[in-house]
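**Q** need coordinates for the following:
(chains A, B, C and D)
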There are 2 protein chains.
Amino acid sequence: MSTAKASATTVHVPQGRILRAAAQLFRERGFGGTSIRAVAQAAGVLPGSLTYRFRTKEDLIVAIAEHAVDYALAEVQSAIAPSRDPLERIRLGMRAHLRALLSEEDAVPVLVFDLHRLPEQTRTRLIEARRPYDAIWEGLCYAAIGAGQLAAGLDVSLVKRFWFGATNSVALWYRPDGPLSPDQIADAFSTLIALGTLSPGARPDSLEQAFKALG
Amino acid sequence: MSTAKASATTVHVPQGRILRAAAQLFRERGFGGTSIRAVAQAAGVLPGSLTYRFRTKEDLIVAIAEHAVDYALAEVQSAIAPSRDPLERIRLGMRAHLRALLSEEDAVPVLVFDLHRLPEQTRTRLIEARRPYDAIWEGLCYAAIGAGQLAAGLDVSLVKRFWFGATNSVALWYRPDGPLSPDQIADAFSTLIALGTLSPGARPDSLEQAFKALG
DNA sequence: GAAGGATTTGTACGTGCGACCAAAAAATAC
DNA sequence: GTATTTTTTGGTCGCACGTACAAATCCTTC
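**A** Next up, the predicted model:
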């Protein structure tokens, strides 16, 4: 409908077109704010075809989420492969995570931002789908702890939430024409979380005491 | 409808009931995922009454956002009043910010999380409404910089985004019956952003160099 | 306690929703 | 080149949406 027949080699697999169109609309307007008719139109397909491929709207977002996990997982794994230093692997992994979040692969931010307000049953399915991704980060963290690179007394799960919260929120303000690239932002965040922001003179004598004082 | 007439002192101002009900539903299901009828029912009112108070759905969320700003601003201002130390004022302010975000005042998370996918015109109105809140944090940051409490070479606006991103994301996983109170979480986050997470042995010799290396 | 404005009621309107499906068309297998 | 399966079409179902509004009710004021 939108394009001419084009050449014989045209990628005309509509499954991919539908998923991409849906992910883009979900990213922009949210799951609840996007109609399947709008998805169909954006994909250049009639509503009936969409229903044929994905029986319900929920099936659609689940497929998007599964794709997002596949994509982000592959990106992170190939990004961390070059290094064996745990801390460096985390830095590289966070670069890849942020690149995936800000990329044209709209599925990733959809999984990150729309998860928490989906129906309970759908949310459970998506958290399940995300498990392999959570697992790889779990492993990266334990490796850094084991190597003694992180300060003693840290609540690691809290640090993880802190870091992912900050990093994911970049998607809410990032603009491609801004002054910093995704990798630059990721590195800046890595440095902040690693070293903190206080000037040397304002720091306490003992790091361990400061962390333990949090109770 | 939901309650008996009760005493003569009953707060029966429906404006407040409607705003509270709407904020709660928007928080749970998002703006697009909440119908005006659902708001009316939750407020114990028929749809017509709601239209009488708020001509459109957009007027409703703008009213919620304005209330959120009033509330959070007052909370932060009274929280920072006891101290004159810039760093301490930021810590206290962040406590108040997180308390407001996690409180029963659903308007605050609505403003934080629903803003970015509203129609352009509405978003502009809400950002305008939020301006006083942004201004107070601007002031707190400049005070800490002026006092030399933050490391030289920091990109302050990036640090602000980092910190608010992390803190706001607490609303996505916090549960009241969890092990940490909002104030404990806020303090833990303040310590993380202040000191970083590396063990002493893993830190570079010069902080300034590390920050400047980010380009 | 009557008048008159403020508020709520109950319902209606046109639109768009998610889902559905018989029939047509295209692709594939034989 | 026919038979079979896969996919798309184009339209319909009943429902819920945001909004509007006349009639009924409540509340205040004098």
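**Q** quick check: A:Leu207 vs A:Ala152, distance?
**A** Look at A:Leu207 and A:Ala152: by CB to CB, to the nearest Å, they are 8 Å apart. Any C-beta I mention is one placed from the backbone N, CA and C, and that applies to glycine too.
**Q** equivalent analysis for A:Ala135, please.
**A** As judged by CB to CB, A:Ala135 and A:Ala152 stand 25 Å apart.
**Q** quick revisit: and A:Leu207 and A:Ala152? Which one has more around it.
**A** A:Leu207 (22 against 12; other CB atoms under 10 Å in any protein chain shown).
**Q** about what we covered before: overlap in contacts, A:Leu207 and A:Ala152.
**A** B:Ser199 (CB atoms under 8 Å, 6 or more residues apart in numbering or on different chains).
**Q** quick check: longest helix of chain A.
**A** When chain A is parsed with DSSP state H, its longest helix is helix A:120-146.
**Q** beyond that helix, next helix or strand please.
**A** Where DSSP states H and E defines the elements, the next helix or strand beyond helix A:120-146 is helix A:156-168.
**Q** flag every buried residue along that next one.
**A** For helix A:156-168, burial by neighbour count (16 or more other CB atoms under 10 Å in any protein chain shown) applies to A:Leu158, A:Val159, A:Arg161, A:Phe162, A:Trp163, A:Phe164, A:Gly165, A:Ala166, A:Thr167, A:Asn168.
**Q** of all those, which comes closest to A:Leu46?
**A** Nearest to A:Leu46, judged by CB to CB, of those is A:Asn168 at 35.4 Å.
**Q** can you pull the contacts of the residue nearest to that closest one when sequence neighbours are not counted?
**A** The spatial neighbour of A:Asn168 that comes closest, neighbours along the chain excluded (CB to CB, 6 or more residues apart in numbering or on different chains), is A:Val112 at 5.2 Å. The contact partners of A:Val112, by CB under 8 Å, 6+ apart, come to A:Leu101, A:Asn168, A:Ala171.
**Q** what lies in contact with the strand or helix carrying the first one?
**A** Looking back up the chat, that one is A:Leu101. A:Leu101 belongs to helix A:86-102 when assigned by DSSP H and E. By CB under 8 Å, 6+ apart, the list of residues contacting helix A:86-102 from outside reads A:71-72, A:75-76, A:78-80, A:82-83, A:108-109, A:112, A:136-137, A:140-141, A:143-144, A:146-147, A:149, A:163, A:167-168, A:170-171, A:174, A:176, A:182-183, A:185-187, A:189-190, A:194, B:198, B:202.
**Q** now the buried members of those residues.
**A** Buried among these by 16+ other CB under 10 Å: A:71-72, A:75-76, A:79-80, A:108-109, A:112, A:137, A:140-141, A:143-144, A:149, A:163, A:167-168, A:170-171, A:174, A:182, A:185-187, A:189-190, A:194, B:198, B:202.
**Q** just the residues you listed: which are in helices?
**A** A:71-72, A:75-76, A:79-80, A:108-109, A:112, A:137, A:140-141, A:143-144, A:163, A:167-168, A:182, A:185-187, A:189-190, A:194.
**Q** mean confidence score for the helix or strand where A:Gly16 lies?
**A** A:Gly16 is part of helix A:14-29, with elements assigned from DSSP H and E. Averaged over helix A:14-29, pLDDT sits at 90.
**Q** which other residues reach that helix?
**A** The contact list for helix A:14-29 (CB under 8 Å, 6+ apart) reads A:34, A:38-40, A:42-45, A:49-50, A:53-54, A:60-61, A:63-64, A:67-68, A:105-107, A:109-110, A:113-114, B:32, B:117.
**Q** where does chain A come near DNA strand C, residue by residue?
**A** A:34-38, A:47-48, A:51-52, A:55-58 (CB under 7 Å from any atom of the strand).
**Q** same list, those residues, but as a markdown table with pLDDT please.
**A** A markdown table is the format used below for the residues of chain A next to DNA strand C (pLDDT from 0 to 100):
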| residue | pLDDT |
| --- | --- |
| A:Thr34 | 92 |
| A:Ser35 | 93 |
| A:Ile36 | 93 |
| A:Arg37 | 94 |
| A:Ala38 | 94 |
| A:Pro47 | 91 |
| A:Gly48 | 90 |
| A:Thr51 | 93 |
| A:Tyr52 | 92 |
| A:Arg55 | 92 |
| A:Thr56 | 92 |
| A:Lys57 | 93 |
| A:Glu58 | 91 |
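**Q** so which helix or strand of chain A has the lowest pLDDT on average?
**A** helix A:207-212 (a mean of 73; mean pLDDT, DSSP states H and E).
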